[in-house]
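Q: Okay, here's the prediction I keep looking at, along with the sequence it came from:
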Amino acid sequence: MNKTTRARLVKWLEHAYAMEKEAETMLAVQVTRLKNYHVLSQRMQEHVGETRQQADAIAGCLQRHNAARPAMMGALASAMAAIHATENAVMSDEVIKALVMSYAFEHMEIAVYTSVILAARQAGDNETAVVCGAILEQERAMADWLGEHLEPTVHQFLEHEQSGDAAKR
């Protein structure tokens, strides 16, 4: 295994771990705020569980490389996610902001895991490539689901807003 490629892989795994901790915080906060969007809330709650499992899987990859979970990086990422969720909470279109942010975040995760898989293969770490490949499929599935539900959620939001219902969340 190329020492430089292995070091880069470990750094990217550390970032992937922090990214999953950020996603977990962001999704968990969003789920508590989605009161009138049950389908969206339910799928995001399911993804919170997937995200926790993904973080654990990445932690296992780090452990195989004798690297620790980046505690400070994970804590900082979680704090940033909480700040973003708080910012969205004051928006009159909170649900749409949350959906758009989640959709964009999923695509960032897709790009990150694609990069990690390529580095893992080049480093000869097939186990990490397989683990991250499974995570990549979950992220693609969530991104596709969010994309498919963007239009109906926007319509639902606008209908709630038009009728004077609680559209925001």
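A: Nice, I can see it.
Q: What part of this protein, helix or strand, is modelled with the least confidence?
A: When the helices and strands of the chain are compared on mean pLDDT, DSSP states H and E, helix 71-89 comes out lowest with a mean of 56.
Q: Beyond it, next helix or strand please.
A: helix 94-123 (DSSP states H and E).
Q: what helices or strands is that next one leaning on?
A: Using 3 or more CB pairs under 8 Å, 6 or more residues apart in numbering; DSSP states H and E, the elements in contact with helix 94-123 are helix 3-33, helix 38-64, helix 71-89, helix 126-163. In this view, the C-beta of every residue, glycine as well, is placed from N, C-alpha and C.
Q: looking at these, which is closest to residue 108?
A: Set against residue 108 and scored by CB to CB, the helices and strands packed on helix 94-123 come closest in helix 3-33, at 7.6 Å.
Q: Can you give me the distance of the residue positioned nearest the centre of the chain to residue 109?
A: Nearest residue to the geometric centre of the chain (CA atoms, centre = their mean): residue 23, 3.8 Å. Going from residue 23 to residue 109 by CB to CB, to the nearest Å gives 7 Å.
Q: Could you list the low-pLDDT ranges of this structure?
A: For the chain, residues meeting the criterion pLDDT under 70 lie at 1-2, 69-91, 165-169.
Q: Kindly recompute the last result at 90.
A: Counting by pLDDT under 90, the chain has low-confidence residues at 1-3, 25-26, 29-36, 67-95, 97-98, 159-169.
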